[in-house]
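S.K.: 3D, please:
(chains A and B)
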Amino acid sequence: MGLLDKEFSESNIVIATAEDIFNWARLSSLWQLSFGLACCAIEMMATSASHYDFDRFGVIPRPSPRQADIIIISGTVTLKMATRIKRIYEQMPDPKYIISMGSCSNCGGPYWEHGYHVLKGIDRVIPVDVYVPGCPPRPEALLEGLLKLQDKIRNESLVKKTA
Amino acid sequence: MKNPEEIFELLKSKFAEDVLELKPAQPLDAMIVVNPLKIKEISNYLCSEESLSFDTLMCLSGVDDANGEKVKDGNGIETINGGTLSIYYHLDSIKLRHKITIKISVPRDNPETYSVESIWKCADWHEREAYDLFGIKFLDHPDLRRILLPDDWDGFPLRKDYQVPEFYLGMKVPY
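M.R.: Here you go, the predicted model:
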């Protein structure tokens, strides 16, 4: 499935299917919307910083949803914010991906019972590709989530969106 | 610097029957209960009187006392009729280094009192928050609208008989 295993020896030619090249390009530069909600956002920032270095996977924060491929829902989604997130998501160009980071955005987290103002899972509003558990997840967990998303994109088909 | 008893005596001599009660410092802070409809005059005095000089409103909090009659309807939904909502004003004097808590109780059916925004500017957002979550109306407030919840929200969530809505803008709210 990889690109390089079909390389001709001692030449500059690589043969691959168009699907593989598109997928490889997509998964190698997932530009992230620079958008954080709560304490998970602090872990997300730590993941972006030099110690964990999100950039080595091609993840660069972008300030505009029009330039972003991926949005990480990092924190408690209030009902008031959910309407805004939906709008931001709709402003992102296809193909777009979502990582739900932490218990709050997965299922409401500690607010599941008495949180009258909290959306019990971001997947009630927008479709989620990868759920990262934790409260908050450690940077390693978020990196694992990103690798899972990359795996998903690697197996995408041009005729049918699978992720 | 004045102790709560001295502050209470000063208020009592100035406002007589509008100052209702002094609650002792144990187990909570010393607290003076006053007439809710006179809170503006009393606050003004607390702030401007030289020997009191309460220049800082540290916090303004709403509380649902839930002391009314609890009624259950056929679906087991409990509502509270009558009783009171309370507002606590935590005052501090940076100049004289003393503090006091003022309490007022307003009827739950018609929770109205006067704003102290003109005396302590920081009361503006505190009162909006108390209005947002408890539905307490502050008369003479310059801009009394919700501060945290969306403008189209129904009800006041920190009241003890608040019912969580089934849907908000098409989003399911309960777990």
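
S.K.: next, the buried residues of the helix or strand of chain A with the lowest mean pLDDT.
M.R.: In chain A, the helix or strand scored least confidently by mean pLDDT, DSSP states H and E is helix A:18-28, which has a mean of 89. Within helix A:18-28, the residues that count as buried by 16 or more other CB atoms under 10 Å in any protein chain shown are A:20, A:22-24, A:26-27. Heads up, the C-betas are built off the backbone N, CA and C, glycines and all.

S.K.: helix or strand right after that helix?
M.R.: Once helix A:18-28 ends, the next helix or strand along the chain (criterion: DSSP states H and E) is strand A:32-33.

S.K.: quick one: contacts of that next one?
M.R.: A:54, A:59-62, A:64-65, A:68-72, A:88, A:92 (CB atoms under 8 Å, 6 or more residues apart in numbering or on different chains).

S.K.: pull the most distant pair out of these.
M.R.: A:F54 and A:I88 (19.6 Å; CB to CB).

S.K.: those two: which is more packed in?
M.R.: A:F54 (22 against 16; other CB atoms under 10 Å in any protein chain shown).

S.K.: not counting sequence-adjacent ones, nearest residue to the more buried one?
M.R.: Closest residue in space to A:F54, ignoring its immediate chain neighbours: A:S48 at 4.5 Å, by CB to CB, 6 or more residues apart in numbering or on different chains.

S.K.: where does chain A come near chain B, residue by residue?
M.R.: A:79-80, A:82-83, A:107-108, A:112-113, A:116-117, A:119-120, A:124-125 (CB under 8 Å from any CB of the partner chain).

S.K.: neighbour-wise, which one of those leads?
M.R.: Neighbour counts for the residues of chain A next to chain B peak at A:L119, which has 27 neighbours (criterion: other CB under 10 Å).

S.K.: CA atoms only: put the longest helix along chain A into PDB for me.
M.R.: As assigned by DSSP state H, the longest helix anywhere in chain A is helix A:139-154. Taking C-alpha atoms only, helix A:139-154 is exported to PDB below (Å, rounded to 0.1, in the frame of the first residue of the first chain):
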ATOM      1  CA  PRO A 139      -0.300  14.200  24.300                       C
ATOM      2  CA  GLU A 140       0.700  10.600  23.400                       C
ATOM      3  CA  ALA A 141      -3.000   9.700  23.300                       C
ATOM      4  CA  LEU A 142      -3.700  12.600  20.900                       C
ATOM      5  CA  LEU A 143      -0.800  11.500  18.700                       C
ATOM      6  CA  GLU A 144      -2.200   8.000  18.700                       C
ATOM      7  CA  GLY A 145      -5.500   9.400  17.600                       C
ATOM      8  CA  LEU A 146      -3.800  11.300  14.800                       C
ATOM      9  CA  LEU A 147      -2.000   8.100  13.600                       C
ATOM     10  CA  LYS A 148      -5.300   6.300  13.700                       C
ATOM     11  CA  LEU A 149      -6.800   9.000  11.500                       C
ATOM     12  CA  GLN A 150      -3.800   8.700   9.100                       C
ATOM     13  CA  ASP A 151      -4.500   5.000   8.900                       C
ATOM     14  CA  LYS A 152      -8.100   5.700   8.000                       C
ATOM     15  CA  ILE A 153      -7.100   8.200   5.300                       C
ATOM     16  CA  ARG A 154      -4.500   5.800   3.900                       C
END
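
S.K.: what comes up buried for it?
M.R.: Applying 16+ other CB under 10 Å to helix A:139-154 flags A:139, A:141-143, A:145-146, A:149-150, A:152-154 as buried.

S.K.: what residues does that helix touch?
M.R.: By CB under 8 Å, 6+ apart, helix A:139-154 touches A:1, A:23-24, A:26-27, A:30, A:43-44, A:46-47, A:51-52, A:54, A:57, A:59, A:70, A:72, A:97, A:99, A:101, A:129-134, A:137, A:162-163.

S.K.: spell out which parts of chain B neighbour chain A.
M.R.: Neighbours of chain A within chain B, by CB under 8 Å from any CB: B:149-150, B:157, B:162, B:164-165, B:168-169, B:171-175.

S.K.: from the middle of its chain, how far away would stretch B:132-145 be?
M.R.: Centre-to-centre, stretch B:132-145 and its host chain are 11 Å apart (CA atoms, centre = their mean, to the nearest Å).

S.K.: tell me where chain B has strands.
M.R.: With DSSP state E as the criterion, chain B has strands at B:19-23, B:31-34, B:56-64, B:69-72, B:78-81, B:84-93, B:98-107, B:112-114, B:137-139, B:167-168, B:171-172.

S.K.: for A:S34, which of those is the nearest?
M.R.: strand B:171-172 (25.0 Å).

S.K.: what lies in contact with that closest one?
M.R.: Residues contacting strand B:171-172 (CB under 8 Å, 6+ apart): A:79, A:82, A:119-120, A:124-125, B:166.

S.K.: that strand: how far from the chain's middle?
M.R.: The answer for strand B:171-172 is 32 Å, by CA atoms, centre = their mean.

S.K.: okay, now the sheet partners of it, with direction.
M.R.: If you go by DSSP bridges, strand B:171-172 pairs up with strand B:167-168 (antiparallel).
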